[in-house]
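Participant: give me coordinates for this.
(one chain, ligands or ions: 1)
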Amino acid sequence: MLKRVILLIIAVSVPLLLSAEKVKVRIYSATKITQAVISFDVGRYVVRDASGNIISDTLDLNRSVEVRAQGGKVWVAANAYELGTFDKISITAVDSANLFCINPTGKKQRTYEGDVYIKVLKNNSLEFVSLVDFETYIAGVVQSEIYGKPDQTDIFRVQAIISRTWALRNKNKHKADGYNFCDDVHCQAYYNRCIRPEIVYGTLQSVGEILVDKDGKPIDTPFHSNSGGQTANSEDVWSAKIPYLRSVPDTFSYRMKQSVWKKELTRNEWLNYFSKKHKLDISDSALCDELLNFRQDERKARIHNISLTKIRTDFKLKSTFFSVSANGNKVTLNGRGYGHGVGLSQEGAIRMVTLGYKYQEILMHYYKGAIIYRDMSIVDPKYQGVANDLKKIIEEDKKDNVKASANKGLEKLYSKKEREEREEVYVEEEQDNDADWDYDW
Ligand SMILES: [Zn+2]
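Facilitator: Next up, the predicted model:
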């Protein structure tokens, strides 16, 4: 079993030219942490000071490091033996197959691969920056950003390509902070290392693949939860008209979890909003009629001359794709979809995979005229062997009872502790679906 776990770790840790540079990701970026215990599930680790000198014994399973924010510095103990206070420390892996686990006081624990750098921020909170292989990061992002059935690996491949493309375009987003990405939706969600074989497989299949424009530049790859049946033009949501972000009919987004929504308001709430906020004269009966009977059979950008994106923000609506109907004092907004509507609809893409469409067709449907670029010279042949092994595991699982396949596969692959971790990830994913699954661009 351990062999398979290590296979999975190595699977996404083989350095590639494209990803030879590891990325720095701030983990727990949305959480204030003043105290944490770090333990080691796989491989040996050491603690180093800011100059890189080793300050601890070699640490492995059953040993741990405790860190606390203390007067602007990091207080450190290893195996309950106090090492002192430091401006910053790093906990670095000795072995290529490695896993460490962070357990902050009062918060959910998470497991990651690679090294971690720790310092104290001005607000007396500990900052954890993980140094991780690019593809390991991408697999973790895919696990946090999309759901899908184990046998539908093309959906993970689609998400891996758009997340990889986004990361290449935005690798300097947090340059001033000293890292590449945060782990929150401000960048891309990255809530744990990837522990699902089908996601690692989908990510591995697409190593080297990004979306480019006709000049070979990585494109902007926005996505949203559900288009409601038609995606939006970029200029109708943001200012720039981008050639590959065009509105397309998208019936794949029908009859999914986020396909429709409804919001009820009073007539006064609705009309006073236009009168107070936008200085429209609502004593004009023709204008009132327009505002109370607004219809979108196809997506529009405005109601009267007011941007629907502005209205979506002000009323906290799920989308701009709604029609209005009035009955007495009641106004109903009948909406479609969830999210800004630009680029890829995640639920539409999931539906396309179910119907048998391939990842290329899905990407070409949502990013019009973009090109999938795969540079074979940067794809390490070692990946193919690992991908084939993972494929065998997934296919063995498929032969079992389909419904139980995910869990059975995981029993083969993971320890009980790891399966519990996986359950946590699912809970986190569900919370994301409700709160901000829609990527905030
Ligand atoms: Zn960020």
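
Participant: residues of this protein that sit close to the ion?
Facilitator: For the chain, the residues in contact with the ion (Cβ under 5 Å from the ion) are 182, 186, 187. Just so you know, the C-beta spots here come from the backbone N, C-alpha and C atoms, and that holds for glycine as well.

Participant: what about those residues, which are in strands?
Facilitator: residue 182 (DSSP state E).

Participant: flag the shaky bits of this structure, pLDDT-wise.
Facilitator: Within the chain, the stretches with pLDDT under 70 are 1-21, 375-390, 393-394, 397-441.

Participant: can you give the domain ranges for it?
Facilitator: 1-22+134-215+375-441, 23-132, 260-336 (automatic domain parsing).

Participant: what would those domains look like in a markdown table with mean neighbour count and distance to residue 361?
Facilitator: Below are the domains of the chain laid out as a markdown table (neighbours: other Cβ atoms under 10 Å; distance: least, Cβ to Cβ, whole Å):
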| stretch | mean neighbour count | distance to residue 361 |
| --- | --- | --- |
| domain 1-22+134-215+375-441 | 19 | 9 |
| domain 23-132 | 18 | 30 |
| domain 260-336 | 15 | 22 |
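
Participant: quick one: closest of the ones you listed to residue 342.
Facilitator: domain 1-22+134-215+375-441 (7.6 Å; Cβ to Cβ).

Participant: what's the closest of the domains of the chain to residue 359?
Facilitator: Shortest separation from residue 359 across those is recorded for domain 1-22+134-215+375-441, at 4.4 Å, computed as Cβ to Cβ.

Participant: among the domains of the chain, which is nearest residue 237?
Facilitator: For the domains of the chain, the distance to residue 237 is smallest for domain 260-336, at 5.3 Å, taking Cβ to Cβ.

Participant: straight-line length of that closest one, end to end?
Facilitator: 4 Å (Cα to Cα, to the nearest Å).

Participant: centre of the chain to that domain, how far?
Facilitator: With Cα atoms, centre = their mean, to the nearest Å as the basis, domain 260-336 stands 32 Å off its chain's centre.

Participant: from the contact counts, what lies against the one helix or strand residue 289 maps to?
Facilitator: Here residue 289 sits within helix 285-292, counting by DSSP states H and E. Counting contacts by 3 or more Cβ pairs under 8 Å, 6 or more residues apart in numbering; DSSP states H and E, helix 285-292 packs against helix 267-272, strand 322-327.

Participant: need those in a markdown table (columns: distance to residue 294).
Facilitator: As requested, the helices and strands packed on helix 285-292 are exported to a markdown table (distance: least, Cβ to Cβ, whole Å):
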| stretch | distance to residue 294 |
| --- | --- |
| helix 267-272 | 10 |
| strand 322-327 | 4 |
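
Participant: ok, which of these comes nearest residue 67?
Facilitator: Nearest to residue 67, of all those, is strand 322-327, at 48.8 Å by Cβ to Cβ.

Participant: tell me the strands beside that closest one, with direction?
Facilitator: strand 330-336 (antiparallel) (DSSP bridges).

Participant: can you list the residues that contact the helix or strand following the partner strand?
Facilitator: Counting by DSSP H and E, the next helix or strand C-terminal to strand 330-336 is strand 344-345. Strand 344-345 is contacted by residues 158, 162, 221-227, 231, 250, 252-253, 337, 339, 362-363, 366-367 when judged by Cβ atoms under 8 Å, 6 or more residues apart in numbering.

Participant: at 10 Å instead, please
Facilitator: Contact with strand 344-345 is made by 158-159, 162, 221-231, 245, 248, 250, 252-253, 256, 258, 337-339, 351-352, 362-363, 365-367, 439, as judged by Cβ atoms under 10 Å, 6 or more residues apart in numbering.

Participant: just those residues: which are in helices?
Facilitator: Cross-referencing those against helices under DSSP state H gives 158, 159, 162, 351, 352, 362, 363, 365, 366.

Participant: from what I see, the last one and residue 232 are in contact.
Facilitator: No - here residue 366 lies out of contact with residue 232, judged by Cβ atoms under 10 Å, at a distance of 11.4 Å.

Participant: need the overlap of contacts for those two.
Facilitator: Residues touching both residue 366 and residue 232 by Cβ under 10 Å, 6+ apart: 222, 245, 246, 248, 342, 343.

Participant: need the max-distance pair from those.
Facilitator: 222 and 248 (13.7 Å).

Participant: what touches both of these two?
Facilitator: Each of 231, 232, 366, 367 lies in contact with both residue 222 and residue 248 under the rule Cβ under 10 Å, 6+ apart.

Participant: most widely separated two among those?
Facilitator: Farthest pair in these (Cβ to Cβ) is 232 and 367. Separation: 13.4 Å.
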